[in-house]
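Participant: Provide a 3D model corresponding to the input given below.
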Amino acid sequence: MSNINQLESLKVLKAVVENGSFTAASKKLNLSTARVSKAIERLESELGTVLFHRSTRHMQITDDGERCYARAINLINQWQDLKEELIESQHSPKGNLRIGVPMTWGLSELAPILDEFILKYPDIRLDVQLNDQHVNVLEEDLDLVLRLTHQLIDSSLICRKLTEYRLIPCASPAYIKDHGEPQHPLELKEHACLMYNLAGNTRKWRFFKGQKPIDVYLEPLLLSNNSELFHSTLLAGRGIALIPEFVVSDDLNSQRLVPILKNFDTLTLNLYSLRPGSRTPSSRLQVFHDFLCKHLKKVNTTKKQP
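Facilitator: Coordinates of the predicted model:
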């Protein structure tokens with residue numbers, strides 16, 4: 001039997017934990033049960049600890065085994081990343097790329113960019129997760145997250161501002177004809193409002209007159225965690241929305257919707273890219289990021305790292 005290297009031992013450990021027994025792991029890895037057992041014994045000898053409590057009928061992972069398993073996953077992934085990066089450096093980028101994206105922005109803005117990207121880089125397999133919640137990059141095992149927010153909370157992630165979008169207060173001409181046009185943000189309390197809101201957030205819209213903020217607390221007619229849901233309601237003349245410009249730009253240009261409260265400013269939505277600082281970006285990630293930046297309206301090349 002040939003020697004068992006440490007990487008193989010870590011792969012064996014991962015398989016034993018995930019499949020529940022030495023026998024199941026041997027079938028998964030297409031190795032003999034004896035080889036699986038020897039790999040675990042070598043790890044235990046190298047680390048000077050017991051990874052599994054074993055009996056004739058039962059096997060249970062120890063606390064040290066749990067810690068070793070968690071580290072094994074990271075080390076195996078790092079090895080795989082290294083292999084793919086070396087391959088990519090010699091050939092065109094290829095491999096898997098997992099990205100988290102805000103839902104409405106992804107459907108309206110990213111989708112056409114992806115069409116062009118796939119055409120240019122057919123060997124990169126994309127897994128795009130649409131979610132308006134602030135997903136955890138590390139917990140979700142994502143290579144990149146794109147996040148729309150007013151202000152980014154400090155973190156250990158590598159951050160870059162890509163572009164920004166205005167929030168536009170608007171309504172249909174029919175709504176304004178029937179209900180009048182508010183001249184001050186506080187008058188919105190007397191109107192039917194369609195509000196984007198994530199769970200737990202305060203139901204308010206913020207405007208500015210100069211540097212002075214004006215907070216308007218509302219009981220909205222329609223509340224949703226996705227702006228696209230009330231887009232048709234807005235067009236149907238049912239209310240007023242404070243909505244990202246990318247959702248309604250075509251409607252404003254065609255005058256199906258009209259902006260209101262033009263003498264007041266609103267908050268800006270910034271689009272950031274975030275990736276783990278502990279990982280060296282693969283060439284496929286760099287290619288995607290560069291491609292994305294070239295197709296966005298404004299590029300801000302700041303990088304934030306605490």
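
Participant: residues near L13, how many?
Facilitator: 26 (other CB atoms under 10 Å). (Each C-beta comes from the backbone N, C-alpha and C, glycine too.)

Participant: that one sits in which helix or strand?
Facilitator: For L13, the element it lies in under DSSP states H and E is helix 6-19.

Participant: now the element after that helix, going C-ward?
Facilitator: Sequence-wise, the next helix or strand downstream of helix 6-19 (DSSP H and E) is helix 22-29.

Participant: buried sites along that next one?
Facilitator: Of all the residues in helix 22-29, those buried under the rule 16 or more other CB atoms under 10 Å are F22, A25, S26, K28, L29.

Participant: same thing with stretch 202-220?
Facilitator: W205, R206, F207, V216, L218, P220.

Participant: in strands, which of those fall?
Facilitator: Secondary structure assignment by DSSP state E places W205, R206, F207, V216 of the buried residues of stretch 202-220 in strands.

Participant: circling back to that earlier point, tabulate the buried residues of stretch 202-220 (a markdown table), appending pLDDT.
Facilitator: As requested, the buried residues of stretch 202-220 are arranged in a markdown table below (pLDDT from 0 to 100):
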| residue | pLDDT |
| --- | --- |
| W205 | 95 |
| R206 | 94 |
| F207 | 96 |
| V216 | 95 |
| L218 | 93 |
| P220 | 92 |
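
Participant: skip the chain neighbours and tell me the closest residue to Y175.
Facilitator: G237 (4.2 Å; CB to CB, 6 or more residues apart in numbering).

Participant: ok, now which ones touch the one you found?
Facilitator: A171, S172, P173, A174, Y175, D178 (CB atoms under 8 Å, 6 or more residues apart in numbering).

Participant: which of those count as buried?
Facilitator: Of these, these count as buried by 16+ other CB under 10 Å: A171, S172, Y175.

Participant: give me the nearest residue to the second one, chain neighbours excluded.
Facilitator: In this structure, S172 finds its nearest non-sequential neighbour in G237, 4.3 Å apart by CB to CB, 6+ apart.

Participant: now that neighbour, what are its backbone angles?
Facilitator: Main-chain dihedrals, G237, degrees, to the nearest 10: phi 80, psi 30.

Participant: report pLDDT for it.
Facilitator: Listed pLDDT for G237 reads 94.

Participant: same check, this time on the one 5 residues further on
Facilitator: The predicted local confidence for L242 comes out at a pLDDT of 95.

Participant: that older thread, roughly how far is the helix holding L13 from the heart of the chain?
Facilitator: Relative to the mean C-alpha coordinate of its chain, helix 6-19 is positioned 29 Å out (CA atoms, centre = their mean, to the nearest Å).

Participant: who touches it?
Facilitator: Here helix 6-19 makes contact (CB under 8 Å, 6+ apart) with 4, 22, 25, 27-29, 31, 35-36, 39-40, 42-43, 46, 51-52, 61, 65, 68-69, 72-73, 75-76, 79.

Participant: just the buried members of those residues?
Facilitator: Of those, these count as buried by 16+ other CB under 10 Å: 4, 22, 25, 28-29, 31, 35-36, 39-40, 42-43, 51-52, 61, 65, 68-69, 72.

Participant: how many neighbours does I113 have?
Facilitator: I113, neighbours per other CB under 10 Å, totals 16.

Participant: surely H53 and M59 touch.
Facilitator: Yes: with contact defined as CB atoms under 8 Å, H53 and M59 form a contacting pair (7.1 Å).
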